[in-house]
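Asks: sequence and predicted model, in that order:
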Amino acid sequence: MEGMEITRPYQRPPFEDALCAWKGLLTQRGLSTDLLWILEENLCFEKDPGTPADVKLGFQTQFTPQTPDAGKFTYHHFAEQDVRLVFYRLGGNAGRSVCLLLCDEWFEPKNEADGYVRRDDWLVSFFPGGNEEIEEITDAKRWQERVVRGRPLSVVDFCMTFAALRELRAHGRVLTPDERFGLKILRSMYRADGPSQP
């Protein structure tokens, strides 16, 4: 009915409360609470025949924009989605926990047996991972030669892009493909007409 509020069987907590629960779990598992939040652009897939998927995953923070509050902004966007949100620890690096926020209905059946700690009252899960170290890629050649297409899908494919985060800041939400296309047209028109404007 019109005007009626939708009641959900869960209540997303403020980011600070979810973050506190996340750090508490990491502490219980003996993992670092010094968090480095990364986005899709920070992921670096490289060919590695010694791994089951022939691809290994690292990360970088030098070659694409990095924002220190990526976790908070991503959380606020994902919190509006009616699907499970996941605090995901990719691994450790230099005494830090490298973390992403993921969101998709694919995570709904994941439970403790899969390594996920569920908070169904929040529609949130936590994946602390293990003690594995993840390499930070600082060599530009390795970054340029990374695997961009043809790699197998993995859980990290459910993370947010920097472009989406920028849209969230500018517009309060992630734009639809049509809106994004419209903005491109407006920008190109502005560039073409801009210099001749008074």
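Replies: Structure received. Residues are numbered from 1 along each chain as shown.
Asks: now do whichever strand or helix holds residue 44: which elements does it pack against?
Replies: Counting by DSSP states H and E, the element that carries residue 44 is strand 43-47. Contacts defined by 3 or more C-beta pairs under 8 Å, 6 or more residues apart in numbering; DSSP states H and E place strand 43-47 against strand 55-59, helix 140-144. Just so you know, the C-beta spots here come from the backbone N, C-alpha and C atoms, and that holds for glycine as well.
Asks: need the mean per-residue confidence for the helix or strand just after the first one.
Replies: Per DSSP H and E, strand 55-59 leads on to helix 70-78 as the next helix or strand towards the C-terminus. When the per-residue pLDDT values of helix 70-78 are averaged, the result is 84.
Asks: so which bits of helix 70-78 are buried?
Replies: Within helix 70-78, the residues scored as buried using 16 or more other C-beta atoms under 10 Å are 70, 71, 73, 74, 75, 77, 78.
Asks: touching, the last one and residue 104? I think so.
Replies: No. With the criterion set as C-beta atoms under 8 Å, residue 78 and residue 104 do not qualify as a contacting pair; they are 9.6 Å apart.
Asks: tell me how far residue 29 lies from residue 135.
Replies: 21 Å (C-beta to C-beta, to the nearest Å).
Asks: quick check: the gap between residue 156 and residue 25.
Replies: From residue 156 to residue 25 the distance is 19 Å (C-beta to C-beta).
Asks: over to residue 13?
Replies: Taking C-beta to C-beta, one finds residue 13 at 14 Å from residue 25.
Asks: same thing with residue 146?
Replies: Residue 146 is 31 Å from residue 25, where distance means C-beta to C-beta.
Asks: check residue 105 too.
Replies: Look at residue 105 and residue 25: by C-beta to C-beta, they are 23 Å apart.
Asks: same check on residue 65?
Replies: The value you get for residue 65 to residue 25, if C-beta to C-beta is used, is 29 Å.
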